[in-house]
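Q: Need a 3D model of the following:
(one chain, ligands or ions: 1)
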Amino acid sequence: MATVDLTSLRLKYRSEKDKFLEENIAVKEPFHLFKSWLSEAVETPEILEPNAFCLSTVSKTNFPSARFVLMKGVEDDGVTFFTNYGSRKAQEIESNPNVAATFYWLPLRRQVRIEGVASKLSREKSEEYFHQRPRASQIGAVASPQSQTIPNRDHLDKIENDIKEKLGPDGVVPLPNWGGYLIKPHWFEFWQGQTNRLHDRIIFRRPKSDDNKELVHDGENGWVYERLAP
Ligand SMILES: Cc1cc2nc3c(=O)[nH]c(=O)nc-3n(C[C@H](O)[C@H](O)[C@H](O)COP(=O)(O)O)c2cc1C
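A: Residues are numbered from 1 along each chain as shown. All right, here's what the predicted structure looks like:
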């Protein structure tokens with residue numbers, strides 16, 4: 001099998017970026033900064049899915065697992081995504097609601113890491129969002145027993161066709177075992193890649209009683225921030 005040359009990749013990543021300094025953070029509060037970076041990502045044409053993030057969960061037996069999902073909203077207290085409530089991720093959240101969400105935005109060379117606690121959105125909110133989706137996606141969500149083993153592709157197509165037949169062209173698609181989660185963060189890291197490997201990392205978290213006041217600075221809304229070595 002041919003080898004893949006990863007050394008040449010380095011060239012692609014070379015783009016000058018301003019240093020990310022504390023004094024340039026307009027509001028020292030992580031949601032404000034997150035929204036500002038997200039807006040830049042949304043406005044960057046090369047970033048096709050700026051709302052995609054890697055969601056990490058932990059199993060009952062303490063093994064981590066990770067997959068991408070799409071963020072569907074940034075609320076005052078967290079970020080939301082939607083999924084099948086019977087899926088592996090949902091089962092893991094059920095037994096351990098501590099999760100991590102990681103965004104990576106090229107070519108801005110930015111990573112945002114969020115750690116927090118996930119909880120289900122209300123049925124009303126899930127239902128409202130579900131019915132805003134294209135009908136084909138709603139049917140797809142009903143058809144797919146996400147994360148379960150299925151015999152083959154035809155099996156899925158058959159379930160989909162059966163549902164379409166049963167509902168007819170205009171039938172309302174019933175909400176399956178599916179809905180949203182809110183991740184309420186207690187830790188954020190904003191990472192700005194630099195060309196010299198001396199990347200910028202600034203984290204926001206809740207204060208601890210033994211914080212070193214020379215290194216840990218007061219932000220707004222009860223957050224503190226500090227710089228980590230890259
Ligand atoms: C870019 C991207 C976005 C995705 N968005 C979602 C999503 O919003 N919700 C979802 O359930 N799965 C989404 N998926 C599929 C998941 O990565 C995953 O395959 C699925 O949710 C099953 O994961 P689980 O078995 O760990 O629960 C997305 C995949 C990709 C690559």
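Q: Say whether the ligand is contacted by whichever strand or helix holds residue 125.
A: According to DSSP states H and E, residue 125 maps onto helix 123-132. No - Helix 123-132 is not in contact with the ligand by CB under 6 Å from any ligand atom; minimum separation 11.0 Å. Where C-beta positions appear, they are placed from N, C-alpha and C, glycine not excepted.
Q: what sits against the residue positioned nearest the centre of the chain?
A: In the chain, the residue lying closest to the centroid (CA atoms, centre = their mean) is residue 53, at 3.3 Å. When contacts are counted by CB atoms under 8 Å, 6 or more residues apart in numbering, residue 53 touches 68-71, 81, 101-103.
Q: And those residues, which of them are buried?
A: Neighbour counting over the contacts of residue 53 (16 or more other CB atoms under 10 Å) leaves 69, 71, 81, 101-103 as the buried ones.
Q: returning to that earlier point: give me the three-state assignment for the residue nearest to the centre of the chain.
A: strand (DSSP: H, G, I helix; E, B strand; the rest coil).
Q: pLDDT value on it, please?
A: Looking at residue 53, its pLDDT reads 98.
Q: Now for residue 28, how many residues are close by?
A: Neighbourhood size, residue 28 [other CB atoms under 10 Å]: 18.
Q: near the ligand too, which of the contacts of residue 53?
A: 68-70, 81.
Q: Can you lay out those as a markdown table showing pLDDT, distance to residue 214 and secondary structure?
A: Output for these, formatted as a markdown table (pLDDT from 0 to 100; distance: CB to CB, whole Å; DSSP: H, G, I helix; E, B strand; the rest coil):
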| residue | pLDDT | distance to residue 214 | secondary structure |
| --- | --- | --- | --- |
| 68 | 98 | 39 | strand |
| 69 | 98 | 39 | strand |
| 70 | 98 | 40 | strand |
| 81 | 98 | 38 | strand |
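Q: Relative to residue 41, which of the residues you listed is nearest.
A: residue 70 (13.3 Å; CB to CB).
Q: how far away is the closest one from residue 80?
A: 10 Å (CB to CB, to the nearest Å).
Q: Between which two of the buried ones among the contacts of residue 53 is the distance greatest?
A: By the measure CB to CB, 81 and 102 form the most distant pair in these, at 12.9 Å.
Q: So which bits of this protein are right by the ligand?
A: Neighbours of the ligand within the chain, by CB under 6 Å from any ligand atom: 49, 52, 65, 67-70, 81-84, 87-89, 146-147.
Q: And the helix or strand hosting residue 142, what does it pack against?
A: Using DSSP H and E, residue 142 maps to helix 135-143. For helix 135-143, the elements it packs on are helix 123-132, helix 153-167, judged by 3 or more CB pairs under 8 Å, 6 or more residues apart in numbering; DSSP states H and E.
Q: hmm, try it at 10 Å
A: Packing partners of helix 135-143 (3 or more CB pairs under 10 Å, 6 or more residues apart in numbering; DSSP states H and E): strand 79-84, helix 123-132, helix 153-167, strand 178-192.
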